[in-house]
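1. A predicted structure for the sequence below; I have some questions about it.
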Amino acid sequence: MRKFSQDFQTELYDLMKWRRDVRHFKPDPVDPELLRLCLNAFQMAPSVGLSEPWRIVAVNSADARQKSLDNFKAANADALAGYGKGQAELYATLKLTGMRDAPVQLAIFCEEDTPKGSGLGAQTMPEMRRYSVVSAIMSFWLATRAYGLGLGWVSILDPVQLRHDLDLPDNWSLVAYLCVGWPKEETETPELETVGWEMRDAQLTTLIER
């Protein structure tokens, strides 16, 4: 069995503790080779039936980025309208996307009916393919943090509209829109906790026994 040192085990938990959802980026570019190195995490990620259903779209053109940002603005306005006055005022002050300045932007999709894996493990729970994509994203997220990069996950979007704007197949479902770049600052405290939106549960994870 491959064994890891105690120092590595401690560093691993430090990595998870310092992984943050970043929305404030420096303008500095990301070396394409470094990005490729981090993207290798997808190849090592687990997937149901070894289906590897993730599809990674680099959103590079000015047109594609503008459409994606417009999508966010519309969805964000709808979300704001759903909150009461007090919470709406706080919501309006939140920076919920780094899409205006992140040098790297990736739209991550799941191919819902991929033939790879022959449906193993997804017959009764087809959503396992999307869960597999989420697992791969987390591996990528930790890899970017290990190299000093920041990553922000944008979820305030109309997924169908984004798929249409990027001219992608109908059987691809949006899982995440990721902004990647060099963070302006580093902190182990979630930004939403800092601004008072919500607090992280300080208690240890509780197991429910049956």
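-> Good, I have the coordinates. Numbers count the residues shown, from 1 in each chain.
2. Now tell me what touches the helix or strand of the chain with the lowest mean pLDDT from outside.
-> Least confident helix or strand of the chain, by mean pLDDT, DSSP states H and E, is helix 191-194 with a mean of 92. Residues outside helix 191-194 that contact it (CB atoms under 8 Å, 6 or more residues apart in numbering) are Arg20, Asp21, Arg23, Leu94, Lys95, Thr187, Glu198, Met199, Arg200. (C-beta placed from N, C-alpha, C; glycine too.)
3. give me that answer again for 10 Å
-> Defining contact as CB atoms under 10 Å, 6 or more residues apart in numbering, one finds that helix 191-194 is touched by 20-24, 94-96, 152, 185, 187, 197-200.
4. Tell me the one among those nearest to Leu37.
-> Proximity of those to Leu37 (CB to CB) peaks at Val22, which lies at 18.5 Å.
5. Could you check how far Met199 is from Gln87?
-> Taken as CB to CB, to the nearest Å, the spacing of Met199 relative to Gln87 amounts to 15 Å.
6. Could you check which of the two is surrounded by more residues?
-> Each of Met199 and Gln87 has its neighbours counted (other CB atoms under 10 Å); Gln87 has more, 12 against 9.
7. Skipping adjacent residues, who's closest to the residue nearest the centre of the chain in space?
-> For the chain, Trp153 is the residue whose C-alpha lies nearest the centre (CA atoms, centre = their mean; 3.6 Å). Closest residue in space to Trp153, ignoring its immediate chain neighbours: Ala176 at 5.3 Å, by CB to CB, 6 or more residues apart in numbering.
8. related to what we said a few turns ago, in strands, which of the contacts of helix 191-194 fall?
-> The members of the contacts of helix 191-194 that map onto strands under DSSP state E are Gly152.
9. Restricted to buried residues, select the contacts of helix 191-194 in PyMOL.
-> Filtering those down to the buried ones (16 or more other CB atoms under 10 Å) takes a single PyMOL command:
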select buried, resi 20+21+22+23+96+152
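10. which one of the contacts of helix 191-194 sits closest to Ala64?
-> Nearest to Ala64 among those, counting by CB to CB, is Gly152 at 17.6 Å.
11. Go ahead and confirm the closest one touches Arg145.
-> No: look at Gly152 against Arg145 with CB atoms under 10 Å: they stay out of range, at 11.8 Å.
12. residues shared between the contacts of the two?
-> Arg20, Val22, Pro183.
13. of those, closest to Met138?
-> The nearest member of the shared contacts of Gly152 and Arg145 to Met138, counting by CB to CB, is Arg20 at 13.3 Å.
14. For that closest one, which residues are in contact?
-> Taking CB under 10 Å, 6+ apart, one finds 141, 145, 150-152, 183, 185-191 in contact with Arg20.
15. same deal with Leu35?
-> By CB under 10 Å, 6+ apart, Leu35 lies in contact with Pro29, Ala58, Pro103, Val104, Leu106, Thr144, Tyr147, Leu149, Val180.
16. That's all I had, so thanks and see you.
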